[in-house]
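Colleague: Sequence and computational prediction follow.
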Amino acid sequence: MRSTTILAVRRDGQAAVAGDGQVTLDRANTILKHQAKKVRRIFGGRVLAGFAGSVADALTLFDRFEARLEQSHGNLPRAAVGLAREWRTDRTLRRLEALLLAVDKENLLLVSGSGDVIEPDEPVAAIGSGAGYALAAAKALLAHTQLPAREIALEAMRIASGICVYTNDQITVEEV
């Protein structure tokens, strides 16, 4: 996935998800918007989710994911597995081009349309074109500072925006 960066960080019982605001058109050749919100609070604000990929596809996934959270009474892993199963097997959803990062105070998950539900080994994950840069910066900050999750996410995204041409510095951060 190009043209965006989403980063999730958990530390000391807190979780933060940060996303840049850049929206591009024509296979990332034209910047269409600078301040899009790609991170959302869902399930009464107890779960944070961010997406990389097509905006329309991601909005569809947010709706489906929130419905899965309602069905599972807020159980994030169960909702993520249900969404991944539905996404992979449903004819319409199968064509969606997006990745989803979801986090609550206990879990951090990456969900894809190929049926992947991945809980990373470390309390940090990233998706999108600047994912590698944001992930490396966040891991370094986790290892060598005592910054809270929100500050790590924000600073790592600032670093990524200075390196990745598909990531801008109009950063949204949500925290639970």
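Modeller: On my side now, so go ahead. Keep in mind the model is a prediction, meaning the values are calculated, not measured.

Colleague: So what does the closest residue to residue 135 other than its chain neighbours have for phi and psi?
Modeller: Among residues not flanking residue 135 along the chain, residue 126 sits closest, at 4.2 Å (Cβ to Cβ, 6 or more residues apart in numbering). No exception for glycine: its C-beta is placed from N, CA and C like everyone else's. The phi/psi pair for residue 126 (degrees, to the nearest 10) reads phi -150, psi 150.

Colleague: and residue 126, bridged to which residues?
Modeller: With DSSP bridges as the criterion, residue 126 is bridged to residue 7.

Colleague: Who are the contact partners of it?
Modeller: Residues near residue 126 by Cβ atoms under 8 Å, 6 or more residues apart in numbering: 5, 6, 7, 8, 101, 132, 134, 135, 138.

Colleague: measure it to residue 77 for me?
Modeller: Distance, residue 126 to residue 77, using Cβ to Cβ, to the nearest Å: 20 Å.

Colleague: same thing with residue 124?
Modeller: Applying Cβ to Cβ to residue 124 and residue 77 gives a distance of 18 Å.

Colleague: again with residue 153
Modeller: Counting by Cβ to Cβ, the gap from residue 153 to residue 77 is 22 Å.

Colleague: Compare residue 124 and residue 77 (neighbour count), which wins?
Modeller: Remark: of residue 124 and residue 77, residue 124 carries more neighbours, 24 against 15, as counted by other Cβ atoms under 10 Å.

Colleague: Got phi/psi on that one?
Modeller: phi -150, psi 140.

Colleague: I'd say it and residue 16 touch.
Modeller: No: applying Cβ atoms under 8 Å as the test, residue 124 and residue 16 come out as separate, 10.1 Å apart.

Colleague: For stretch 102-111, give the mean pLDDT please.
Modeller: Mean per-residue pLDDT for stretch 102-111: 95.
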